[in-house]
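Asker: quick check, what structure comes out for this input:
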Amino acid sequence: MTDYDTYGTSTHTASELVHLVTSHLDVVFTERESDYRGVYHLAQGTYGHIEIQTNAIPGDDGQDDLYTPEHPAVRVLLLINTPALEPTLHTRLGAIQGLSHLSHES
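Answerer: This next block holds a predicted model:
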């Protein structure tokens, strides 16, 4: 069963969050660019698939849309999918000030 978790922050920029998550999880991010999502950062490793991106994504009409419209105040998102529940992952991410757990799906 795959678990999906979304974290968010209005405190940190995407670059700052990349550095914080790297130091807490010992993962390496690569920067990617997508026409749909804009610039985002991707890491794959022990915990699974981890992405960091801004909540504002390029819209078709030249104005940005929100990736998570239910959280308009969140500037940067941390998206994680893991093959199973990872309590250690959530504990380590909980140590990052300004980062909030927004949702969980199994």
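
Asker: how far does stretch 70-79 sit from its chain's centre?
Answerer: 9 Å (C-alpha atoms, centre = their mean, to the nearest Å).

Asker: and for stretch 97-106?
Answerer: Here the centre of stretch 97-106 is set off from its chain's centre by 9 Å, with C-alpha atoms, centre = their mean.

Asker: what's the mean pLDDT across that stretch?
Answerer: Taken as a whole, stretch 97-106 carries a mean pLDDT of 95.

Asker: can you point out the buried residues in that stretch?
Answerer: L99, S100, L102 (16 or more other C-beta atoms under 10 Å). (C-beta placed from N, C-alpha, C; glycine too.)

Asker: now the terminal residues of it, how far apart.
Answerer: One end of stretch 97-106 sits 25 Å from the other (C-alpha to C-alpha, to the nearest Å).

Asker: hmm, who's touching that stretch?
Answerer: 1-12, 17, 20, 68, 71, 74, 77-78, 85, 90, 93-94 (C-beta atoms under 8 Å, 6 or more residues apart in numbering).

Asker: now the buried residues of stretch 97-106 in CSV, with secondary structure and distance to Y40?
Answerer: Shown next, in CSV, are these (DSSP: H, G, I helix; E, B strand; the rest coil; distance: C-beta to C-beta, whole Å):
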residue, secondary structure, distance to Y40
L99, coil, 17
S100, strand, 19
L102, strand, 17
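
Asker: just the buried ones from the contacts of stretch 97-106?
Answerer: 3, 5-9, 12, 17, 20, 71, 74, 77-78, 90, 93.

Asker: give me the element the most centrally placed residue in the chain is part of.
Answerer: Among the residues of the chain, the one closest to the centroid is L78, at 1.2 Å (C-alpha atoms, centre = their mean). Using DSSP states H and E, L78 sits within strand 76-82.

Asker: other SSEs contacting the helix or strand just after that strand?
Answerer: Per DSSP H and E, the first helix or strand lying C-terminal to strand 76-82 is helix 87-94. Contacts defined by 3 or more C-beta pairs under 8 Å, 6 or more residues apart in numbering; DSSP states H and E place helix 87-94 against helix 14-25, strand 76-82, strand 100-105.
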